[in-house]
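Chemist: Next input, structure requested:
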Amino acid sequence: MRLIGLFLIGGIVGSAFAAQSSANNQAEQPFSITIGSANPAKAGSPLYLKIRLTNTSSHDISEGGAFYAQGLDVSYQYDCRTAEGKSVSKEVSMVGSAGDRRALKPGESHKPGESHEELAPVSRACDLSQPGQYEIQLSRSDPGDAEKRMVKSNTITVTVTNDDSVMENAAPPFTLLIDAYALGTAADHLVVKPGTEVGIHITKTNTSKHEEDCTAIHNSITGLDDKYQYDVRDSSGNPAGKYTIDRAEPFMMINDSPGSCKLAPAMNQASIATITRLYDLSRPGEYTIQVSQPASDNPADGMAKSNIITVTVTP
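Modeler: Predicted structure coming up:
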């Protein structure tokens, strides 16, 4: 069986994210789909589309046995068009896909209120090699819906360019990628019991052509690196509570001297942070975590933001 999908190309996860809300996701629909992408994107470079599916119904949503074809989640339909409305789809090869991982394991499903995030290498299914503007939208149905009604995502516009100066000025000079860890397990969606110590891994990658500062400023009270900003929220989108800490960390990492740490182009810096020392994740529910850092010393350059990860605390 041959499957055809429509996709997009792209950039770097930590780049500026373009995600506009969709009028297509009505309250009666069982789930919502939100997408985003690096914008602008470098012509000829792989671009990843970030997909977030949230179960807005009161029942489980089956993944329907969907799997990945060459890294693409084929439970979605990908619609990618030029500014003139011309489709730029191409056939997705299924050769070598037999061993690809499934979106979820057979029998698993999305629980009510649960969100699932993934990255799709859309350039494998859509020809966006030419400079210009492209509009992208995804859709899929609930396998448990007898009518197979399609739910559509928001539509994003991505500008593809071969102008290096545009890319250099538009994108932060580094990306941030995080995952959560607890009890020896690391993932972008972690399930833990109340009281479990939860930390995050942070990987900073220099995507510029020059050295970047990688100096760490470890807070002796929270144990967190103050060079980063931490956004921890509950399932309602409210900031998570914070503990009052009255003693310093017993084992503190030594801070770098100002300017002593330099990250060369294309190199990574890995660090860890125990989130639950400061943030209260003791109540059952779903929490999201994102970290950010100023792109430079100039506030006008904005913030470089990480991906968003989820920690679910079960009773």
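Chemist: I'd like to check what contacts stretch 289-308. Which residues are they?
Modeler: By C-beta atoms under 8 Å, 6 or more residues apart in numbering, the surrounding residues in contact with stretch 289-308 are 13-14, 16-17, 50, 52, 117, 172-178, 180, 188, 200, 202, 204, 227-232, 275, 288, 309-311. Heads up, the C-betas are built off the backbone N, CA and C, glycines and all.
Chemist: buried residues in that stretch?
Modeler: Using 16 or more other C-beta atoms under 10 Å as the test for burial, stretch 289-308 gives 289-293, 295, 304-308.
Chemist: contacting residues around Thr288?
Modeler: 231-233, 308-311.
Chemist: What's the separation between it and Ser306?
Modeler: To Ser306, Thr288 is 11 Å away according to C-beta to C-beta, to the nearest Å.
Chemist: Same check on Gly199?
Modeler: With distances taken as C-beta to C-beta, Gly199 is found 14 Å from Ser306.
Chemist: Ok, Asp188 next?
Modeler: According to C-beta to C-beta, Asp188 stands 10 Å off from Ser306.
Chemist: Which segments of the chain make up each domain?
Modeler: The record's domain parsing of the chain by automatic domain parsing lists 4-168, 172-313.
Chemist: quick one: low-confidence ranges for the stretch 1-150 of the chain?
Modeler: 1-27, 63-70, 92-108 (pLDDT under 70).
Chemist: Revised request: answer the last question for the stretch 201-315 of the chain.
Modeler: 249-259, 298-300.
Chemist: Do a quick rundown of the strands in it.
Modeler: Assigned by DSSP state E, counting those that start in this stretch, the strands in the stretch 201-315 of the chain fall at 212-213, 229-233, 262-263, 268-274, 285-294, 303-305, 309-313.
Chemist: between the fifth one and strand 309-313, how many degrees?
Modeler: Taking axes from the mean of the first three to the mean of the last three C-alpha atoms, to 10 degrees, strand 285-294 and strand 309-313 form an angle of 150 degrees between their directions.
Chemist: can you give me the angle strand 285-294 makes with strand 268-274?
Modeler: 140 degrees.
Chemist: Confirm for me that Val88 is in contact with Leu128.
Modeler: Yes: at 6.3 Å, Val88 counts as touching Leu128 under the criterion of C-beta atoms under 8 Å.
Chemist: more crowded one of those two?
Modeler: Set side by side, Val88 and Leu128 show more neighbours around Leu128, with 24 against 19, by other C-beta atoms under 10 Å.
Chemist: residue contacts, that one?
Modeler: Contacts for Leu128 (C-beta under 8 Å, 6+ apart) come out as 8-9, 41, 43, 47, 80, 88, 134, 158, 160.
Chemist: From the residues you listed, pick the one nearest Val192.
Modeler: Nearest to Val192 among these is Leu47, at 33.2 Å by C-beta to C-beta.
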